[in-house]
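Q: requesting a structural model of the entry that follows:
(one chain, ligands or ions: 1)
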Amino acid sequence: MGDIVRLQKYIAMSGAASRRGAEQLIEEGRVKVNGELIREQGVKVEIGCDTVELDGVVLKIKDKKIYIALNKPVGYVTTVKDQFDRPTVMDLVKREIHTRVFPVGRLDYETEGLLLMTNDGDWANKVTHPKFESSKKYYAVLKGVLTINSLNKIRRGIYLDGRKTAPAECEILEIENNMTLVEITIHEGRNRQVRRMFEAVGNPVKALKRESIGIVELGNLPEGRWRYLTSSEISYFDKKK
Ligand code: URA
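A: Predicted coordinates:
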């Protein structure tokens with residue numbers, strides 16, 4: 001069921017007139033709801049259900065575009081619905097976001113960190129399309145000590161499913177207790193790419209967190225919480241060729 005609003009608000013939301021202007025249009029007998037001429041103010045209509053016409057032209061209300069950054073915790077699936085009924089990222093936003101948004105790309109169930117969500121399909125395409133090469137930065141804890149030789153292989157590219165990964169930036173941040181903490185930035189989004197790359201050099205990933213996508217950073221957003229993107233974060237991806 002869509003939101004129920006007063007007719008003058010509906011007309012204003014469609015962009016056809018201001019709310020005042022809409023009242024005038026109704027008074028002038030130029031507005032119909034479901035084919036019926038309406039002259040009184042205050043009639044209620046349901047968005048997405050009732051048909052409102054002005055001078056015989058149907059008025060449409062565009063979905064407000066929403067762009068958010070979520071700090072996904074481990075243990076949530078990046079789908080709208082899970083076949084095994086596990087918690088989904090939708091559970092983390094649905095209390096406050098009443099428009100249908102969907103995840104942009106995905107993070108594994110056991111991966112945490114930055115996940116973008118939107119209801120703007122064109123924008124989502126730009127963020128995820130390989131030709132736009134949005135950079136994605138991760139922190140990964142690896143089993144064992146990553147050798148310089150393996151580090152260079154990761155940087156140059158690794159064959160996964162017979163296709164080499166694009167060059168990646170990778171730095172070792174810390175080695176402790178037979179584990180290596182690395183920062184890695186990739187420019188593709190192949191399935192379980194980071195995990196498979198390190199597995200291929202013999203250092204399986206024990207923990208993985210996405211820190212940024214393009215200029216959008218996780219920053220100090222608490223786990224399980226979300227924020228709206230700023231207009232420059234949104235347009236960063238629009239400007240990509
Ligand atoms: N690479 C992975 O292996 N997993 C993710 O969730 C994201 C990138």
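Q: my read is that Ser134 contacts Val216, right?
A: No. Between Ser134 and Val216 there is no contact under C-beta atoms under 8 Å: 9.2 Å. The way it works is simple: take the backbone N, C-alpha and C, and place the C-beta from them, glycine included.
Q: which of those two has more neighbours?
A: A side-by-side neighbour count of Ser134 and Val216, using other C-beta atoms under 10 Å, places Ser134 first with 24 against 21.
Q: so what's the closest residue to that one other than its chain neighbours up against?
A: Sequence neighbours aside, Gly214 is the residue nearest to Ser134 in space, at 4.9 Å (criterion: C-beta to C-beta, 6 or more residues apart in numbering). Residues in contact with Gly214, defined by C-beta atoms under 8 Å, 6 or more residues apart in numbering, are Val127, Ser134, Ser135, Glu233, Tyr236, Phe237.
Q: distance of Gly214 relative to the ligand?
A: 15 Å (C-beta to the nearest ligand atom, to the nearest Å).
Q: so for that residue, what's the pLDDT?
A: The model reports Gly214 with a pLDDT of 94.
Q: list, one by one, the residues from this structure near the ligand.
A: Leu107, Asp108, Thr111, Arg192, Gln193, Val194, Arg195, Leu208 (C-beta under 6 Å from any ligand atom).
Q: and those, which are buried?
A: Buried members of these, scored by 16 or more other C-beta atoms under 10 Å, are Leu107, Asp108, Thr111, Gln193, Val194, Arg195, Leu208.
Q: which of these fall within helices?
A: Gln193, Val194, Arg195 (DSSP state H).
Q: quick check: Gly35 touching Thr51?
A: Yes. At 7.4 Å, Gly35 and Thr51 qualify as touching, with contact defined as C-beta under 8 Å.
Q: quick one: pLDDT of the residue of the chain positioned farthest from its centre?
A: Centroid-distance maximum for the chain: Glu28 at 43.6 Å, with C-alpha atoms, centre = their mean. On pLDDT, Glu28 comes in at 94.
Q: could you report the neighbour count for Glu112?
A: So Glu112, with other C-beta under 10 Å, has 21 neighbours.
Q: now do the contacts for it.
A: Asn71, Lys72, Pro73, Val74, Leu208, Lys209, Arg210, Glu223.
Q: now do Arg195
A: Taking C-beta under 8 Å, 6+ apart, one finds Asp108, Pro204, Val205, Leu208 in contact with Arg195.
Q: pop the domain breakdown of this structure in here.
A: Domain assignment for the chain by automatic domain parsing gives 4-58, 67-130+218-238, 135-213.
Q: tell me, what residue is most central in the protein?
A: Central residue of the chain (C-alpha atoms, centre = their mean): Met117, at 2.0 Å.
Q: ok but that residue is inside a strand, no?
A: Yes. Under DSSP: H, G, I helix; E, B strand; the rest coil, Met117 falls within a strand.
Q: that older thread, the more surrounded of Gly35 and Thr51?
A: Neighbour tally, Gly35 and Thr51, criterion other C-beta under 10 Å: the higher count belongs to Thr51, 12 against 7.
Q: what's around the closest residue to that one other than its chain neighbours, how many residues?
A: Excluding the flanking residues, the one nearest Thr51 by C-beta to C-beta, 6+ apart is Asn34, at 5.4 Å. By the criterion of other C-beta under 10 Å, Asn34 has 11 neighbours.
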